[in-house]
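sequence and predicted structure are below.
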Amino acid sequence: MAGNIEKGAILKRSAGDPRCRPHISSASVGHALLLLLIGFANCAWAQQGPPDVGPAKSETLADLPDAPQTPVSQAETSPETGLPDRLGSIQGVVSSPDGAVYEGVLVALTQPGMPARSATSDNNGHFNFTDVAAGAFQLTVSSAGFATQHLSGTLLPGENYKAATMVLPVSMATSEVRVNSLTRVEVAQMEMVEEEHQRVLGVMPNFYVVYSRDAPPLNTRQKFHLAWRSSVDPIGTLIIGGVSGIQQATNSFSGYGQGAQGYAKRFGANYADNFIGTMIGGAILPSLLKQDPRYFWKGTGTVRSRVLYAIANAVVCKGDNGRRQFDYSGILGGLAAGGISNLYYPASDRSGISLTLENALLGTAESAAGNIFQEFVARRFTPKLPSP
């Protein structure tokens, strides 16, 4: 700073100092020329000023042994993990080209100099990586029968990075080349994932309907998975809550009483009916008896043939061997659920064996009506369905 002030003062002086101008007297020409040269030299020295030693001093300090060698922009690292202190996260969603989310898809995260990590998309298609070091990264989304997708990006320190939706299309090459190498379990898994996104009007779950003409049977694990997803679906729970409210208003099962306690008992009983019936008739007995609990949509033929098909499927099902057989799973499952309900319904409303059989017959009739609805109506109001 002192050098700069001194230089400014010299510049100010040089602008009005007579020494900066050549002075010619009545002396000889040689003497005049000498004075002229001296005057110009004086003026140039005054305008240039003394050499600025600031930068030289700064460079000397930078060359000292104890000068900091680490760039200021480099992130500080933790002495315990060796990773940057400000870790971030990366999250995103995996979906099909038509917008349906995919569950169980493998997502791999790779970063230069870091070990690879992997995650699996949940039932909402969402994946999440936490404690991710800042820097460049690549996401790789892959699943059997689908085209692998990649996404590259850069994560800033402490950033919560929301990746663009990873659209996972069906691989045409895979379907052509590996169609014979896929096991029945793998094909059934792909079919079941599609069924779990079937919702009438885009809201009401419709998981137990198959629109594919050659869908393979489910194995035991898949039958239990589908029954569980159907039993705990939030929309199904809301429907049960609405039915319980209607029962409360009409004072059905009066032994439960009224008020919040009465509603809670009705809701609990209805939820138990649905859960027990679905697990026994949709998972336990189908696994033991090797039967498929789903309704296989016909979709072709005359109206009469389709109506008869729908009614018949109230008592007939498809076995795991591909043959049509009596639906022991559905019928016995309804009887078992009705018998178990006697344990928690009010004593005045518990059904004897005759009423249990009557309810089983009523349930069969309801199943036939539901199948007709599935055959002619439900598919029209179910968006984003694959081609049959």
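Here it is on my side, so go on. Residues are numbered from 1 along each chain as shown.

pretty sure Met114 contacts Ala134?
No - with contact defined as CB atoms under 8 Å, Met114 does not reach Ala134; the gap is 10.9 Å. (Each C-beta comes from the backbone N, C-alpha and C, glycine too.)

ramachandran angles for the residue lying closest to Thr165 once chain neighbours are set aside?
Leaving aside its sequence neighbours, Thr165 sits nearest to Val93 (CB to CB, 6 or more residues apart in numbering; 5.0 Å). With angles defined as degrees, to the nearest 10, Val93 sits at phi -130, psi 140.

and if you look at Phe129?
Torsion angles, degrees, to the nearest 10, at Phe129: phi -110, psi 130.

number of nearby residues for it?
21 (other CB atoms under 10 Å).

any idea which element Arg221 lies in?
helix 220-231 (DSSP states H and E).

report the inter-axis angle for whichever helix or strand Ala337 is part of versus helix 220-231.
Following DSSP H and E, one finds Ala337 within helix 328-341. Here the directions of helix 328-341 and helix 220-231 differ by 50 degrees (axes from the mean of the first three to the mean of the last three CA atoms, to 10 degrees).

just want the angle from the helix or strand just after helix 328-341 to helix 328-341.
Using DSSP H and E, the helix or strand that follows helix 328-341 in sequence is helix 353-376. Relative orientation of helix 353-376 versus helix 328-341 (the same axes, to 10 degrees): 130 degrees.

mind giving me the packing neighbours of helix 353-376?
The helices and strands touching helix 353-376, judged by 3 or more CB pairs under 8 Å, 6 or more residues apart in numbering; DSSP states H and E, are helix 303-312, helix 328-341.

ranking the ones you listed by burial, who's on top?
Counting by mean count of other CB atoms under 10 Å, helix 328-341 has the highest mean neighbour count of these, with a mean of 20.

what packs against that one?
The contact analysis (3+ CB pairs under 8 Å, 6+ apart) places helix 328-341 against helix 259-279, helix 285-289, helix 353-376.

contacting residues for the residue nearest to Gly255 when sequence neighbours are not counted?
Among residues not flanking Gly255 along the chain, Pro346 sits closest, at 2.4 Å (CB to CB, 6+ apart). For Pro346, the contact set (CB atoms under 8 Å, 6 or more residues apart in numbering) comprises 253-256.

could you do Pro293 as well?
Listed by CB under 8 Å, 6+ apart, the contact set of Pro293 reads 208, 223, 227, 281-283, 286, 317, 329-330.

at 7 Å what do you get?
Shown in contact with Pro293 (CB atoms under 7 Å, 6 or more residues apart in numbering): 208, 223, 281-282, 286, 329-330.

picking up where we left off before, what about Met114 and Ala134, which has more around it?
Comparing Met114 with Ala134 by neighbour count (other CB under 10 Å), the higher total belongs to Ala134, at 19 against 13.

from what I see, that one and Gly153 are in contact.
No - the pair Ala134 / Gly153 is not scored as a contact, 11.4 Å apart, by CB atoms under 7 Å.

show me where the protein dips below the pLDDT cut-off.
By pLDDT under 70, the weakly predicted segments of the chain are 1-85, 172-181, 351-352, 354-355, 386-388.

against Asn342, how distant is the residue nearest the centre of it?
Centre of the chain computed as the mean C-alpha position; nearest residue by CA atoms, centre = their mean is His126, 1.4 Å away. For His126, the distance to Asn342 equals 42 Å [CB to CB, to the nearest Å].

Arg379 too?
37 Å.

which residue ranges form the helices in the stretch 101-250 of the chain?
Secondary structure of the stretch 101-250 of the chain (DSSP state H, counting those that start in this stretch): helices at 172-177, 184-195, 220-231, 234-250.

can those go into JSON lines with extra columns for mean neighbour count?
What follows is those, written out as JSON lines (neighbours: other CB atoms under 10 Å):
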{"stretch": "helix 172-177", "mean neighbour count": "10"}
{"stretch": "helix 184-195", "mean neighbour count": "17"}
{"stretch": "helix 220-231", "mean neighbour count": "18"}
{"stretch": "helix 234-250", "mean neighbour count": "14"}
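
how about Glu217, phi and psi?
Careful, residue 217 is Pro; it's not Glu. Here is the backbone geometry of Pro217 (degrees, to the nearest 10): phi -70, psi 160.

what's the closest non-adjacent residue to it?
Nearest non-adjacent residue to Pro217, counting by CB to CB, 6+ apart: Asp320, 4.1 Å away.

count of neighbours near that neighbour?
With neighbours defined by other CB under 10 Å, the count for Asp320 comes to 19.

what do you get for Leu109?
By the other CB under 10 Å criterion, the neighbourhood of Leu109 contains 18 residues.

skipping adjacent residues, who's closest to it in space?
Arg117 is the one closest to Leu109 (CB to CB, 6+ apart), at 4.5 Å.

these two touch, right, the one you found and Phe129?
Yes - using CB under 7 Å, Arg117 is in contact with Phe129, at 6.2 Å.

overlap in contacts, these two.
Leu109.

related to what we said a few turns ago, got the CA positions of the helix holding Arg221 in CSV?
Extracted C-alpha coordinates of helix 220-231, given in CSV (Å, rounded to 0.1, in the frame of the first residue of the first chain):
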residue,chain,number,x,y,z
THR,A,220,-45.9,-70.2,-3.2
ARG,A,221,-43.9,-67.1,-2.4
GLN,A,222,-45.6,-65.1,-5.2
LYS,A,223,-49.1,-66.2,-4.0
PHE,A,224,-48.4,-65.0,-0.5
HIS,A,225,-46.8,-61.8,-1.8
LEU,A,226,-49.9,-60.9,-3.9
ALA,A,227,-52.3,-61.8,-1.0
TRP,A,228,-50.3,-59.6,1.4
ARG,A,229,-50.2,-56.6,-1.1
SER,A,230,-54.0,-56.9,-1.6
SER,A,231,-54.7,-57.1,2.1
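
by how many degrees do it and helix 259-279 diverge?
150 degrees.
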